[in-house]
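Trainee: Predicted model and sequence below, questions to follow.
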Amino acid sequence: STAQTPAQRTAPRPSRRTPTRPAALYIKGVNAAVDHIRQNLRRPLRLTALARIAGFSPYHFHRVFQAIIGETPADFVMRLRLDRAVARLAGPRPPPMARIATDCGFASASDFSRAFKRRFGASPSRFDLGSWRTGRRTEFDLLAEHGFHVDRLAAASNPDRFRVRLRDLPARTLAYIRVSNPYAGTAVVDACHRLMNWADRNGFIDNPWYGYQWENPELVPLDRCRYHVAVEADRFEPRGEIGRYRFPPIKVAEVRVRGPIDAEVRALMWLYGVWLPRSGYVPDDQPCFEAWDGRPFAHGMNHFELRIWLPVKRA
């Protein structure tokens with residue numbers, strides 16, 4: 001299939017079907033966030049506020065929005081602000097750059113100029129408006145006709161043949177080590193080894209193993225994320241770096257992953273963008289888990305055998 005522009009992805013597509021109730025819930029929420037963005041481009045747009053308008057937690061809203069719209073909320077906001085800036089430049093008497101920056105939601109003219117150059121490869125004063133108009137004519141026609149709303153989900157696609165199993169999990173107590181800045185170096189692997197040594201000494205080594213984090217790495221700077229390496233355990237006293245946390249009973253959508261790390265990424269995108277909006281469920285207010293088959297990294301760093309657990313509840 002041919003690549004689509006962002007406008008083509010967000011413009012309504014002809015459909016003979018009315019969206020199912022679960023799909024309509026997601027479409028309504030995302031469109032409400034899109035409307036708020038379009039009406040408030042001059043103002044600061046916080047992810048927490050957009051998530052509340054859409055009816056999701058900030059942790060899950062980011063992935064739901066990206067899966068349905070095709071862009072992250074931040075990228076979508078930046079694109080609309082820069083498109084508005086181009087429209088200001090295209091007028092018969094373009095206002096000063098500082099005015100354009102303010103009208104389009106940038107903190108300063110220098111911030112606007114840097115963002116503009118990153119996207120278009122030229123500063124606003126050197127921008128070739130005529131060539132850009134010619135290249136974007138199809139996209140502008142779509143926007144003029146349809147706007148930015150989606151009226152249905154993209155066609156379901158599952159080339160990896162992922163399957164979801166719904167599971168009701170009982171409450172469980174975990175022993176964990178919190179790893180700061182987990183995306184740098186070998187901190188996660190080292191923490192796994194330390195926790196496995198502790199679990200072996202205390203009789204928990206063959207219990208289920210997990211990885212999870214409360215921060216979404218697509219939202220929080222990587223050096224501020226914290227990843228929890230955990231094993232099911234009971235009757236122990238937390239001490240030193242070994243913490244204790246009890247999760248309540250939850251329902252999860254489980255997807256098995258076998259392969260490299262990009263297979264896990266594809267599974268997450270499919271889960272959020274294809275399965276979840278059609279399922280009759282919404283994300284619960286719990287982190288998404290990696291539930292290892294066996295011990296963490298048992299198959300090395302390039303092949304993973306685990307299950308993704310996405311906590312869900314009825315819509």
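Mentor: Happy to help now that I have it.
Trainee: Helices along the chain, start to end?
Mentor: 6-10, 21-39, 47-54, 58-69, 73-89, 97-103, 109-120, 129-135, 137-146, 187-202, 261-270 (DSSP state H).
Trainee: out of those, which comes closest to P296?
Mentor: helix 187-202 (4.4 Å; Cβ to Cβ). Yep, even glycine has a C-beta here, placed from its N, CA and C like the rest.
Trainee: ok, back up a step: reformat the helices of the chain as a markdown table; add mean pLDDT and mean neighbour count.
Mentor: Conversion of those to a markdown table gives the following (pLDDT from 0 to 100; neighbours: other Cβ atoms under 10 Å):
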| stretch | mean pLDDT | mean neighbour count |
| --- | --- | --- |
| helix 6-10 | 41 | 19 |
| helix 21-39 | 85 | 18 |
| helix 47-54 | 91 | 18 |
| helix 58-69 | 83 | 22 |
| helix 73-89 | 88 | 18 |
| helix 97-103 | 91 | 18 |
| helix 109-120 | 91 | 16 |
| helix 129-135 | 67 | 11 |
| helix 137-146 | 45 | 13 |
| helix 187-202 | 96 | 16 |
| helix 261-270 | 90 | 15 |
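Trainee: low-confidence ranges in the stretch 151-300 of the chain?
Mentor: For the stretch 151-300 of the chain, the stretches with pLDDT under 70 are 216-221.
Trainee: Going by residue numbers, what spans are strands in it?
Mentor: 164-169, 172-180, 209-212, 226-232, 243-247, 250-259, 281-283, 289-292 (DSSP state E, counting those that start in this stretch).
Trainee: Packing partners of the last one?
Mentor: The one in question is strand 289-292. Helices and strands touching strand 289-292, as assessed by 3 or more Cβ pairs under 8 Å, 6 or more residues apart in numbering; DSSP states H and E, comprise strand 209-212, strand 304-314.
Trainee: contact partners of the first one?
Mentor: When you say that, I think you mean strand 209-212. Applying Cβ atoms under 8 Å, 6 or more residues apart in numbering, the contact partners of strand 209-212 are 174, 188, 227-232, 287-292, 294-296.
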